[in-house]
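[1] The sequence isn't on hand, but the structure is:
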């Protein structure tokens, strides 16, 4: 109970809030964020999520497919494509469809 600071019996909280440390935001990041039309508050939130520089910010807002690698560079990718093509042709034949 907390009689010392409250006249009525009040339960003490079981958990305490923890706040992240304040981070110094790179001025280059702030300038890049302003170029994207972002407010300083949004820039702070992005910095807490790991966006720490201009390049990170550009990558954050880039097309999602721009960051993917070519799957044909994987080992044996040609064999996988061949198997998927065969499977697709069989499924299309069962459904009387064209596999084009």
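    Cool, the structure landed. What you see is a predicted model, and the numbers here were worked out from it, not measured in a lab.

[2] Can you pull the domain assignment for this protein?
    22-68, 69-100 (automatic domain parsing).

[3] would you list those domains in CSV and tack on mean pLDDT and mean neighbour count?
    Every C-beta, even on glycine, is put in place using the N, C-alpha and C of the backbone. Converted to CSV, the domains of the chain look like this (pLDDT from 0 to 100; neighbours: other CB atoms under 10 Å):
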stretch, mean pLDDT, mean neighbour count
domain 22-68, 88, 13
domain 69-100, 84, 10
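
[4] can you tell which of the ones you listed is closest to residue 16?
    Nearest of the domains of the chain to residue 16, taken as CB to CB: domain 22-68 at 18.4 Å.

[5] Centre of the chain to the closest one, how far?
    Counting by CA atoms, centre = their mean, to the nearest Å, domain 22-68 is centred 12 Å from the centre of its parent chain.

[6] mind checking how far the most centrally placed residue in the chain is from residue 54?
    The centre of the chain sits closest to residue 60, judged by CA atoms, centre = their mean, with a distance of 7.9 Å. Distance of residue 60 to residue 54, given as CB to CB, to the nearest Å: 11 Å.

[7] Dump the domains of the chain into JSON lines; add distance to residue 8 as well.
    Listed next are these as JSON lines, based on distance: least, CB to CB, whole Å:
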{"stretch": "domain 22-68", "distance to residue 8": "36"}
{"stretch": "domain 69-100", "distance to residue 8": "62"}
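
[8] Give me the longest helix you can find in the protein.
    Longest helix of the chain, by residue count under DSSP state H: helix 77-94.

[9] thinking again about what came up before, residues touching the residue nearest to the centre of the chain, list them.
    46, 51 (CB atoms under 8 Å, 6 or more residues apart in numbering).

[10] at 10 Å instead, please
    Counting by CB atoms under 10 Å, 6 or more residues apart in numbering, residue 60 touches 36, 46, 49-51.

[11] Out of the domains of the chain, the one nearest residue 14 is which?
    Here domain 22-68 is closest among the domains of the chain (CB to CB), at 25.8 Å.
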